[in-house]
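K.L.:
just need the structure, nothing else, for what follows:
(one chain, ligands or ions: 1)
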Amino acid sequence: MKLMKKKVILIPYPAHGHVTPMLQLASVLPKFGLKPVVIVPEFIHHRLSPQINERHGILCISIPDGLHAETPRDFFSIDKAMEDYFPSRLDDVVGELNRDEGDDGGILCFIVDLLASWAINVGNKYGVQVAGFWPAMQTTYRLIAAIPAMVRSGIISEDGCPLHKSPIRLYPGQPTLTTDDLPWLIGSSAARSSRFKFWSRTLDRSNTLNWLLMNTFPDEFHQKQLISTSCTQGVRQNFQIGPLNMHSTTSRISSIFWQEDKSCLEWLNNQNDGSVVYVSFGSWVSPLEKLKVNNLAMALEASWRPFLWVLGPSWRQGLPLGYVERMLGRGRIVSWAPQMEVLQHEAVACYLTHCGWNSIMEAIQCKKPLLCYPVAGDQFVNCAYIVDAWKIGVKINGFGRRELEEGFTRLMEDNEISQRILRLNEKLFGNEGRSKAMANLANFVQDIKKLLLT
Ligand SMILES: O=c1ccn([C@@H]2O[C@H](COP(=O)(O)OP(=O)(O)O[C@H]3O[C@H](CO)[C@@H](O)[C@H](O)[C@H]3O)[C@@H](O)[C@H]2O)c(=O)[nH]1
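P.N.:
Have a look, this model is predicted:
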């Protein structure tokens, strides 16, 4: 008799930095005898390569997002669509998958990105086990989980406004965060308040979960070091199963989302080893203001260093007139780079980054030091860890010529930074780190399969 594989339904938040790690997770599930089914809205689905199914055994199903074609798919429109429209569409898909149950192994569980917490209720409705997925540092999750405690102790108001600039220590011996680092403090006060509601709702829903899979390395967060477990809330069991990019060197999952400009690799081949500054601010942050783009462009021009800068067309308005032509030869600007291959390239000396979690993990995997310019969300917390805990990077507060040059010089001349990156690379991506993360994932799968038998 042919043994049918149970399906795992994975629901990412619909943005690149979230879909990629979810696909990386999905690509490992067949090793556990499971069939991954990733459900994404159409505007993401049409960008995903059909190779995902052929090469990685991941079935991707699209749902309509209910938004007008001309509506920008930004945080707020996506939030509204997720709350008002996605649940009934997912309902249709799960209903259909359930009807097919006679022909296959049925649904084992849902794995839901906590930023797509709307899907938890759909899983509950069908009586399917639901596990949460946190695509970033566990510390940022703890910060969100500390919202009720921060309100109680008067650090923030009921709608998330910091009441005074106060240090936040989640646990001893770790970088002290401040109220400026709170991830919802982006944009106008209306935008902040709406983001805070989003996080509060995310937290309420995540508190109902029994499992949380974290895209972080096994020792990032020591549970026993918590000052008091009552100061934060949270799900019952956390499994640190990352960094999931450890699976991407062989499967190349992360490179199939956007059209990559591979010509920059040829350009890198013609540069001296350890000479190029790679500049990228990820896929999701609001474009840097024109003035900042302009300042960064001038500072890069003033420096003698070659650079490779990922700058989407909408960000280029801030470039000085004739800049791209003037920099030809020394500076290369592309809309989207094959980031892993760039970071692996011997010509690249360091990475000027917005401190997105995936980019940080990739830089550590490729042993490249970081010049940090956090822009939004969790990036300030990530930056605090890069600079103060792991000491593998330097933070800059602006794009002044001197500041940038001093940052580059410190990164490239500080031998201890390179030594620390090598150690961190071994810890995260060496055999021990990898097997711990895989063992954690195996424990989760076993846990959830056991429940089916009881
Ligand atoms: O030219 C480029 C630029 C980026 N990337 C890839 O895009 C991803 C970017 O991810 P990340 O660094 O995490 O940044 P964002 O896309 O901005 O990610 C969002 O999601 C992350 C995970 O939750 C958060 O940590 C970030 O703050 C948030 O902005 C990485 O895998 C990069 O390799 C490319 O392949 N080519």
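
K.L.:
burial count for the closest residue to the ligand within the stretch 201-350 of the chain?
P.N.:
Each residue of the stretch 201-350 of the chain has a distance to the ligand, by CB to the nearest ligand atom, and the smallest belongs to G282, at 2.8 Å. Just so you know, the C-beta spots here come from the backbone N, C-alpha and C atoms, and that holds for glycine as well. G282: 20 surrounding residues under other CB atoms under 10 Å.

K.L.:
what are the phi and psi values at the closest residue to it other than its chain neighbours?
P.N.:
Of all residues not flanking G282 in the chain, G356 sits nearest, at 4.0 Å (CB to CB, 6 or more residues apart in numbering). Taking degrees, to the nearest 10, you get phi -70, psi 150 for the backbone angles of G356.

K.L.:
and for I9?
P.N.:
The phi/psi pair for I9 (degrees, to the nearest 10) is phi -90, psi 120.

K.L.:
what does V277 give?
P.N.:
phi -100, psi 120.

K.L.:
any idea what it is bridged to?
P.N.:
F307, C350 (DSSP bridges).

K.L.:
wait, what's in contact with it?
P.N.:
Shown in contact with V277 (CB atoms under 8 Å, 6 or more residues apart in numbering): 300, 303, 305-308, 348-352, 371, 408.

K.L.:
quick one: what helix or strand has L296 in it?
P.N.:
Take DSSP states H and E as the rule and L296 turns out to sit in helix 290-302.

K.L.:
centre of the chain versus that helix, how much separation?
P.N.:
26 Å (CA atoms, centre = their mean, to the nearest Å).

K.L.:
buried sites along that helix?
P.N.:
If you call a residue buried by 16 or more other CB atoms under 10 Å, then helix 290-302 has these buried ones: 292-301.

K.L.:
on that earlier part again, quick one: the residue nearest to G282 and E158, what's the gap?
P.N.:
Distance, G356 to E158, by CB to CB, to the nearest Å: 30 Å.

K.L.:
and these two? Which one has more around it.
P.N.:
More neighbours sit around G356 than around the other of G356 and E158, counting by other CB under 10 Å; the figures are 25 against 8.

K.L.:
do you know the pLDDT at that one?
P.N.:
At G356 the predicted local confidence, pLDDT, stands at 96.

K.L.:
going forward can the numbers begin at 16, since that is how I track them
P.N.:
Sure, I'll start numbering at 16, so the last one becomes G371.

K.L.:
before we move on, the earlier item: you'd agree the residue nearest to G297 is up against A391?
P.N.:
No. Under the criterion of CB atoms under 8 Å, G371 lies out of contact with A391, with a separation of 9.6 Å.

K.L.:
rewinding a little: near the ligand, from the buried residues of helix 305-317?
P.N.:
Counting by CB under 6 Å from any ligand atom, nothing from the buried residues of helix 305-317 sits close to the ligand.

K.L.:
any chance of those in TSV, plus pLDDT?
P.N.:
Below are those laid out as TSV (pLDDT from 0 to 100):
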residue	pLDDT
K307	93
V308	94
N309	95
N310	95
L311	96
A312	97
M313	97
A314	97
L315	97
E316	96
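
K.L.:
ok, for H262, nearest residue in space, not its chain neighbours?
P.N.:
Q39 (5.0 Å).

K.L.:
quick one, helices of the stretch 166-315 of the chain?
P.N.:
If you assign secondary structure with DSSP state H, counting those that start in this stretch, the helices in the stretch 166-315 of the chain sit at 204-221, 263-266, 278-284, 305-317.

K.L.:
and the first one, what other elements does it pack with?
P.N.:
By that I understand helix 204-221. Applying 3 or more CB pairs under 8 Å, 6 or more residues apart in numbering; DSSP states H and E, we find helix 204-221 packed against helix 90-99, helix 133-140, helix 153-160, helix 162-167.

K.L.:
do you know which of these lies nearest V34?
P.N.:
Evaluated with CB to CB, these place helix 90-99 nearest to V34, the distance being 12.4 Å.

K.L.:
the closest one vs helix 133-140, what angle?
P.N.:
What separates the directions of helix 90-99 and helix 133-140 is an angle of 10 degrees, with axes from the mean of the first three to the mean of the last three CA atoms, to 10 degrees.

K.L.:
dump the following helix or strand past helix 90-99 to CSV, restricted to CA.
P.N.:
Using DSSP H and E, the helix or strand that follows helix 90-99 in sequence is helix 101-114. In CSV, the C-alpha atoms belonging to helix 101-114 read as follows (Å, rounded to 0.1, in the frame of the first residue of the first chain):
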residue,chain,number,x,y,z
PHE,A,101,-7.8,36.4,3.1
PRO,A,102,-9.5,34.2,5.8
SER,A,103,-12.5,33.3,3.6
ARG,A,104,-10.2,32.6,0.6
LEU,A,105,-8.0,30.3,2.7
ASP,A,106,-11.1,28.7,4.0
ASP,A,107,-12.0,27.8,0.4
VAL,A,108,-8.5,26.3,-0.2
VAL,A,109,-8.5,24.3,3.0
GLY,A,110,-12.0,23.1,2.3
GLU,A,111,-10.9,21.8,-1.0
LEU,A,112,-7.7,20.1,0.4
ASN,A,113,-9.9,18.5,3.0
ARG,A,114,-12.3,17.2,0.4
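
K.L.:
pairing partners for the next helix-or-strand element following helix 101-114, with directions?
P.N.:
Note on helix 101-114: by DSSP H and E, the next helix or strand toward the C-terminus is strand 122-128. Here the strand partners of strand 122-128, with direction, are listed using DSSP bridges: strand 21-26 (parallel), strand 144-149 (parallel).

K.L.:
any chance of those strands in a markdown table, plus mean pLDDT?
P.N.:
Shown next, in a markdown table, are the strands paired with strand 122-128 (pLDDT from 0 to 100):
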| stretch | mean pLDDT |
| --- | --- |
| strand 21-26 | 96 |
| strand 144-149 | 97 |
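
K.L.:
list just the one of the ones you listed that sits closest to D288.
P.N.:
Shortest distance between D288 and the strands paired with strand 122-128, using CB to CB, is found for strand 144-149: 37.0 Å.
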